[in-house]
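Asks: Got a predicted structure here, sequence first:
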Amino acid sequence: MDHLHRGDQHRPRRLLGRSRLQLVQRPLMNAIPRFNLAESTVRSLRLEELLLFAETGSGLLDLPLDYGDRAGLPALREVLAAQSGVAPDAVVTLPGTMLGLHLLARRLCRAGGEALLVTPCYGPSRTVLDQAGVVVRTARLLFEEGYRPDIARIAAMLRHETRLVVLADPNNPSGVRMPREAVQALLGAMARRAPRAVLFIDETYREATYGPEPAPSAACLGPRVVTAGSLSKAHGAPGLRIGWLTVPDAPLREELAAAKEALILSGSVLDETLAAALLARPEGLLAERRHALAHALDMVTCWQADHAPLLEMVRPEAGALCCLRLNPARVGPQAVMRFWAALPQKELRLAPGPWFGEAPGVFRLGFGHLPPAALAAALRALSRVLEETL
């Protein structure tokens, strides 16, 4: 999951204080709940399922467990390149996307460069930028606007010192997509206001749709676009520790591969072999996941409608999660406190807004991880919290 049990170290810096609300939320994040609605992935893939989907198994017994290629297993890079619309040489594999963001930030933002982070965001995105020693400016997407990107607002935050712009598409925590024309408009603004900047787009949820084919990757939009992906969210295999970057700029790609080699030498040959086999035949798995996500989203949408107008929702367009808000016009600060304090009593966990850069009355609800019966039970328990505290 998103390591919510680690608490403050993954929250945006401006929200780090030991407030009364955070003291209420801390037991919620540390406890092991019966109903984990903070989980951001689909149902976890079991090894037996992976071997069946990938149509591999006995061949692994002959796999030499040597060091791998520093840029990644060639077979894995080939299938990732085909799915992203780039050449295999443009792909660098990593044990998760956050290492890629960290290495990219250290490379681009040294000597006074800044990063612009579009929020709300996946909590560790801010953490890795902080740990890289980068000056971070933020551009906010707003719940009231359905987390739709306001390119003029984002562009106004760009400066000559900006070297890295970081966003997720689809967004985490909201699941809202950024239209292709908005990405192109942002690239145009960067060319005018921050010509040395690179746009980093985390596409981890791109294939976690609700039926239709996923949107094309932004990897082919130009030399200043770096995309990231992983097997963690849409495929439900975070335990494989497989992430990747597409980096069209050859010198930058070489520097990132060298930095990866200096830190970890190479990725796991076993993980990368399994990932290559799975990604070569993804549709059976992804079709099943899309059907399950669509059903779970319908459940959550109907449940939220039963609690409107006290509870507002931004409907996601992809991903295994969504954002909801206790309506500030009807729910005061004391009621918000009661809501969070009551969750552990019902063995519930949600991702609190301050963890990803939002207000205390906002929370992220993950609907893709629990099976339908457990999700229904979790929503019933959450209903009782709402009824008892608001």
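Replies: Looks like it arrived, so ask away.

Asks: where in the chain is pLDDT low?
Replies: In the prediction, the chain carries residues with pLDDT under 70 at positions 1-31, 57-58, 282.

Asks: Could you chop it up by domain?
Replies: According to automatic domain parsing, the chain is divided into the following domains: 4-45+285-389, 50-282.

Asks: how about those domains in TSV, adding mean neighbour count?
Replies: In short, each C-beta sits where N, CA and C put it, glycine included. Conversion of the domains of the chain to TSV gives the following (neighbours: other Cβ atoms under 10 Å):
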stretch	mean neighbour count
domain 4-45+285-389	18
domain 50-282	19
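
Asks: in the stretch 151-300 of the chain, which spans are helices?
Replies: Using DSSP state H, counting those that start in this stretch, the helices assigned to the stretch 151-300 of the chain run over residues 151-156, 180-193, 250-264, 269-280, 283-306.

Asks: Nearest to E78, out of the ones you listed?
Replies: helix 269-280 (8.1 Å; Cβ to Cβ).

Asks: Mind exporting the C-alpha coordinates of the closest one to PDB?
Replies: Written as PDB, here are the backbone C-alpha positions of helix 269-280 (Å, rounded to 0.1, in the frame of the first residue of the first chain):
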ATOM      1  CA  VAL A 269      16.600 -10.700 -12.900                       C
ATOM      2  CA  LEU A 270      13.800 -12.800 -11.500                       C
ATOM      3  CA  ASP A 271      11.400  -9.900 -11.100                       C
ATOM      4  CA  GLU A 272      12.200  -8.500 -14.500                       C
ATOM      5  CA  THR A 273      11.800 -11.900 -16.200                       C
ATOM      6  CA  LEU A 274       8.400 -12.400 -14.600                       C
ATOM      7  CA  ALA A 275       7.400  -8.900 -15.500                       C
ATOM      8  CA  ALA A 276       8.400  -9.400 -19.100                       C
ATOM      9  CA  ALA A 277       6.300 -12.600 -19.400                       C
ATOM     10  CA  LEU A 278       3.300 -11.000 -17.700                       C
ATOM     11  CA  LEU A 279       3.400  -7.800 -19.800                       C
ATOM     12  CA  ALA A 280       3.800  -9.700 -23.000                       C
END
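
Asks: residue nearest the centroid of this protein?
Replies: For the chain, the residue whose C-alpha lies nearest the mean C-alpha position (Cα atoms, centre = their mean) is N172; its distance is 4.8 Å.

Asks: Next one: that one from C323, what distance?
Replies: From N172 over to C323 the distance is 10 Å, taken as Cβ to Cβ, to the nearest Å.

Asks: Then V166?
Replies: 19 Å.

Asks: E161 too?
Replies: When Cβ to Cβ is the yardstick, E161 and C323 sit 31 Å from each other.

Asks: How about P352?
Replies: As it turns out, when the distance is counted by Cβ to Cβ, P352 lies 12 Å from C323.

Asks: Then L142?
Replies: From L142 to C323 the distance is 11 Å (Cβ to Cβ).

Asks: wait, A132 sits on G100?
Replies: No. Under the criterion of Cβ atoms under 8 Å, A132 lies out of contact with G100, with a separation of 11.7 Å.

Asks: Need the residues touching each of the two.
Replies: Listed as contacting both A132 and G100 by Cβ atoms under 8 Å, 6 or more residues apart in numbering is no residue at all.

Asks: Contact partners for the closest residue to V79 other than its chain neighbours?
Replies: Beyond its immediate neighbours in the sequence, the residue positioned closest to V79 (Cβ to Cβ, 6 or more residues apart in numbering) is L279, lying 4.7 Å away. Applying Cβ under 8 Å, 6+ apart, we find L279 in contact with L76, V79, L80, Q83, L231.

Asks: how does it look with 10 Å?
Replies: Applying Cβ atoms under 10 Å, 6 or more residues apart in numbering to L279 gives the contacts A54, A75, L76, E78, V79, L80, A82, Q83, L231, H235, I242, L285.

Asks: Make TSV out of these and add distance to P214.
Replies: Formatted as TSV, the contacts of L279 follow (distance: Cβ to Cβ, whole Å):
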residue	distance to P214
A54	20
A75	22
L76	19
E78	19
V79	15
L80	14
A82	14
Q83	9
L231	15
H235	12
I242	18
L285	13
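
Asks: Among these, find me the one that's closest to D202.
Replies: L231 (13.8 Å).

Asks: Surely the closest one and L286 touch.
Replies: No. Using Cβ atoms under 10 Å, L231 is not in contact with L286; the gap is 11.3 Å.

Asks: Could you tell me which residues make contact with R338?
Replies: R338 makes contact with V24, V331, G332, V385, E388, T389, L390 under the criterion Cβ under 10 Å, 6+ apart.
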